[in-house]
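1. requesting a structural model of the entry that follows:
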Amino acid sequence: MRIAITGATGLIGSALRRAFHADGHSLTLLVRSQPPDNATEKLSWWDPAAGRIRKNDLEGQDVVIHLAGASIAASRWSKGRKRMIRESRRRSTILLSETLGALRQPPQLFLSASAIGYYGNRSPDEQVDESSSAGEGFLAEVCQEWEQATAAAGKAGIRVVQMRMGVVLSTEGGALARMLPLFKWGLGGRIGTGRQMMSWIALTEIPSVINHIIADSSLSGPVNLVTPYPVSNEEFTRTLGGVLHRPAFLSVGRRAVRLLFGEM
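-> Below you'll find the model as predicted:
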């Protein structure tokens, strides 16, 4: 297949590139810096903030996968940072969605990243699925706008899937890579009560899940990319400590977390 990817240099994008190359697909990467002349993959320059995109590079693509967006966990959530998180997702998705909808040869499938932050903070006893209502709070609002921004592609008859990803676990980056040093030193522990639920997915599973979505034309709309077996923060902490053969009995209080990370 011909597959175009945004955010291809990130944790998930890099994993997809490796998997797609192994399967023999032809890749076009949408990048925000001028493509070098000696690139081994086809690169297409775009500037979502300025509304610039090379439309012709998307003609005839079979699948477009949109992963780009400012990191949620890179720094404290100042007003400026929150605006960047929101606008980087909304603007880039609208630009891509409208461009795909106007193509002479549009893709069969538009896969756009989202997150289970859509559901907001819920009781640990409450189960949610793709039919559940949106939650409240900053991340829930961002995810709603993010998903709504795919509307133009759907109206043009393109199959659209919003990938609501859980906590992506990998030693290469993300939450687990940040936790590992503390846990290896025996300084790991639960956060607050430890009752908060974690719906996770291993990075190595994501290419297979996406291949399944591509192959199953009946799938459209939001799809949760998470394990069917969520765990509490306390259980996750205990398991990670056990795997590393390290104690994990410490506890970080809610006030300390708020002081260190603010609203994030």
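2. show me the shaky parts of the stretch 51-200 of the chain.
-> Scanning the stretch 51-200 of the chain for pLDDT under 70 picks out nothing.
3. could I get the full set of helices for it?
-> Assigned by DSSP state H, counting those that start in this stretch, the stretch 51-200 of the chain shows helices spanning 79-101, 138-148, 151-155, 174-184.
4. and for the closest residue to residue 82 other than its chain neighbours, the neighbour number?
-> Nearest non-adjacent residue to residue 82, counting by CB to CB, 6 or more residues apart in numbering: residue 138, 6.3 Å away. (Each C-beta comes from the backbone N, C-alpha and C, glycine too.) Number of residues near residue 138 (other CB atoms under 10 Å) recorded here: 16.
5. please name the residues that touch residue 138.
-> 77, 82, 263 (CB atoms under 8 Å, 6 or more residues apart in numbering).
6. wait, the first one sits on residue 264?
-> In this case it means residue 77. Yes. In this structure, residue 77 is within contact of residue 264 by CB atoms under 8 Å, at 4.7 Å.
7. show the buried residues in the contacts of residue 138.
-> 77, 82 (16 or more other CB atoms under 10 Å).
8. and the contacts of stretch 128-136?
-> Counting by CB under 8 Å, 6+ apart, 118-122, 140, 143-144, 164, 221-224 sit against stretch 128-136.
9. distance between it and the chain's centre?
-> In terms of CA atoms, centre = their mean, to the nearest Å, the centre of stretch 128-136 is set 17 Å apart from its chain centre.
10. begin at 22 from now on, thanks
-> In the new count, where the first residue is 22, that last one comes out as stretch 149-157.
11. and that stretch, what's buried?
-> Using 16+ other CB under 10 Å as the test for burial, stretch 149-157 gives residue 156.
12. go on, stretch 157-172?
-> Those would be 159-164, 167-168, 170-171, for stretch 157-172 by 16+ other CB under 10 Å.
13. tell me where the stretch 172-285 of the chain has strands.
-> Taking DSSP state E, counting those that start in this stretch as the criterion, the stretch 172-285 of the chain carries its strands at 180-186, 188-190, 210-212, 218-219, 221-223, 242-246, 252-253, 271-273.
14. in CSV: the ones you listed, plus mean neighbour count and distance to residue 130.
-> Shown next, in CSV, are those (neighbours: other CB atoms under 10 Å; distance: least, CB to CB, whole Å):
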stretch, mean neighbour count, distance to residue 130
strand 180-186, 22, 5
strand 188-190, 20, 21
strand 210-212, 19, 37
strand 218-219, 18, 29
strand 221-223, 17, 20
strand 242-246, 19, 12
strand 252-253, 16, 31
strand 271-273, 14, 42
